[in-house]
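Colleague: Predicted structure and sequence below. I'll ask about it afterward.
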Amino acid sequence: MSSQQKNKQNQKQKPAQQPSNIHMEMGQTFPLTIKRLGINGEGVGYFKKQVVFVAGALPGEEVVARVTKIQPKFAEAEIKKIRKASPHRVKAPCPYFGKCGGCQLQHLDYQQQLREKRDILIQALERHTKFDVSKLDIRPTIGMDNPWDYRNKSQFQVGQQNGKLVAGLYGLNSHQLVAIDHCMVQTPATDKVAQGVKQILQDFKAEPYDERKRTGVVRNIVTRAGIETGEVQVVLVTEKNNLPRKDLIADEIMKRHPEVKSVVQNVNPGKTSMIFGDKSTKLKGKGTIDETMGGLSFELSPRAFFQLNPEQTKKLYNEVKTAAALTGKEKIADAYCGVGTIGLWLADGAKEIRGMDVIEASIEDANKNAKNHGINATYVTGTAEHWLPKWTKEGWKPDVVVVDPPRTGCDRALLDTIKKVKPKKFIYVSCNPSTLAKDLEYLAKEYKVEYMQPVDMFPQTAHVECISLLVRIK
């Protein structure tokens, strides 16, 4: 998935102005049987044929629900009482579960998480396509042996509570910062360094940024670890360039944490939910860190996209390679390529790789990575809808196109380009079942869905990744 995300439009309307078909009242309680999990991990039930989303409820449970919010086409509720618990309900081990917005499914047995994620994919296909889903080859979700300690990157918001600098995540559906001292899904390296940097900023009396008052400096602490190399990068995201004593802070970070090989300041002055701004400056050490995966090495700059779960990434990319079924003669286009990971993973079975991404820093890293491995690959800045027609006109037509877009899915212009360029195979790596389903429906007349393989990249959350192999209909 590319690091470029489309800004979501805030559609804030007063409840009184919303025409609603939901016939219930705020605070109303009623018994409810939970039928399935929603795409955000909430339980879904029906009260008098009206959809109700219940946070924390699990499929098969019978609960007493209390209405907390009424929307035009559905209601939201909380659990007042569990009358009949799911046999798959477990005690969540994390003290922040239900408080921070990071995980949604720690209270669900892991093997059942894998089954429910496949079902979330099926629901999206039923909702957004005309496919006979019962006839699709949708395979069991590929999971992890140890579904903890897997994230190689943390992005903690910085704030101040009771006069003390804290770092953590915003609560679910709120802007209330939940201070986190230990995250169970982070790798030990990122977790340790993030907590250490938090203490150093406190020691140097760095002022957290307050977005309401528009005061302060430090917005985020971002840490990324090379799991195979042991190298760690720290990015201090600030509202303005002037971070007092930033050189001393960088020195102290590397002194207390020798595993840190790169300290970078990123400036983000915008009033935005995006973590990074456009300007990054190296404060100490290297501008990048190195990581290896599957015998390939990668240079990672702060804004470059790299998958967050290395163990599952290997499985994901091997599934892409299986879907591609390369013979050594194929030309491959890698759209939303990031630092070139998928293309380089496929390179030993392909004739040539070309890729594109709108993030210039990612393309620089991708070309370095290809050159370092002596791989016949070319990466350019821009969109696939610009480059694919240009290359085709010049006589270079891809046999296989691989896409790994953001949660917003593929741009319609890209899908139209796929229809025109007509690669034999189109391999779609998706992190959002809803946008995946809509995009597959759009291509249904030109491409057949051969099979779909869900992969659990983010255990304990409701997210599910999926590889779809599409073959051109002749």
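Modeller: Looks like it arrived, so ask away.
Colleague: List the contacts of stretch 237-255.
Modeller: 196-197, 200-201, 203-204, 206, 209, 216-222, 234, 236, 260, 263, 265-269, 275-277, 279, 281, 283-285 (C-beta atoms under 8 Å, 6 or more residues apart in numbering). In short, each C-beta sits where N, CA and C put it, glycine included.
Colleague: Check whether the residue lying closest to residue 459 once chain neighbours are set aside sits in a helix, strand or coil.
Modeller: Closest residue to residue 459 apart from its sequence neighbours, by C-beta to C-beta, 6 or more residues apart in numbering: residue 147 at 3.2 Å. Recorded secondary structure, residue 147: coil (DSSP: H, G, I helix; E, B strand; the rest coil).
Colleague: So residue 147 is in contact with residue 458, correct?
Modeller: No - Residue 147 is beyond contact range of residue 458, at 9.3 Å (criterion: C-beta atoms under 8 Å).
Colleague: and those two? which has more neighbours close in?
Modeller: residue 458 (24 against 21; other C-beta atoms under 10 Å).
Colleague: wait, that one sits on residue 307?
Modeller: No - if you go by C-beta under 8 Å, residue 458 and residue 307 don't touch, sitting 10.5 Å apart.
Colleague: can you give me the mean pLDDT across stretch 450-463?
Modeller: Mean per-residue pLDDT for stretch 450-463: 97.
Colleague: Name the residues of it that come out as buried.
Modeller: Within stretch 450-463, the residues that qualify as buried are 452, 453, 454, 455, 456, 457, 458, 459, 460, 461, 462, 463, counting by 16 or more other C-beta atoms under 10 Å.
Colleague: Just give me the closest of those residues to residue 92.
Modeller: Taking C-beta to C-beta as the measure, residue 92 lies nearest residue 460 of the buried residues of stretch 450-463, at 8.6 Å.
Colleague: Which of the three states applies to the closest residue to that closest one other than its chain neighbours?
Modeller: Leaving aside its sequence neighbours, residue 460 sits nearest to residue 103 (C-beta to C-beta, 6+ apart; 4.2 Å). Put simply, residue 103 is coil when judged by three-state DSSP.
Colleague: wait, what's in contact with residue 103?
Modeller: 92, 94, 97, 185, 460, 461.
Colleague: can you map out the strands along the stretch 201-350 of the chain?
Modeller: All strands of the stretch 201-350 of the chain, identified by DSSP state E, counting those that start in this stretch, fall at 218-225, 232-238, 260-267, 279-285, 289-293, 296-300, 331-335.
Colleague: and residue 271, what pLDDT?
Modeller: 82.
Colleague: Only alpha carbons, please: show stretch 268-286 as PDB.
Modeller: The C-alpha trace of stretch 268-286 is given here as PDB (Å, rounded to 0.1, in the frame of the first residue of the first chain):
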ATOM      1  CA  ASN A 268       4.300  19.300   9.300                       C
ATOM      2  CA  PRO A 269       2.800  22.700   9.800                       C
ATOM      3  CA  GLY A 270      -0.600  21.700   8.400                       C
ATOM      4  CA  LYS A 271      -3.900  21.300  10.200                       C
ATOM      5  CA  THR A 272      -4.200  17.700   9.100                       C
ATOM      6  CA  SER A 273      -4.500  14.100  10.200                       C
ATOM      7  CA  MET A 274      -1.600  13.200   8.000                       C
ATOM      8  CA  ILE A 275       1.500  12.300  10.100                       C
ATOM      9  CA  PHE A 276       4.300  13.600   7.800                       C
ATOM     10  CA  GLY A 277       4.800  16.900   6.200                       C
ATOM     11  CA  ASP A 278       6.900  17.500   3.000                       C
ATOM     12  CA  LYS A 279      10.200  18.600   4.600                       C
ATOM     13  CA  SER A 280      12.600  16.100   6.300                       C
ATOM     14  CA  THR A 281      16.000  17.000   7.700                       C
ATOM     15  CA  LYS A 282      18.600  14.600   9.000                       C
ATOM     16  CA  LEU A 283      19.700  15.500  12.500                       C
ATOM     17  CA  LYS A 284      22.100  12.600  13.300                       C
ATOM     18  CA  GLY A 285      23.400   9.500  11.700                       C
ATOM     19  CA  LYS A 286      22.200   8.300   8.300                       C
END
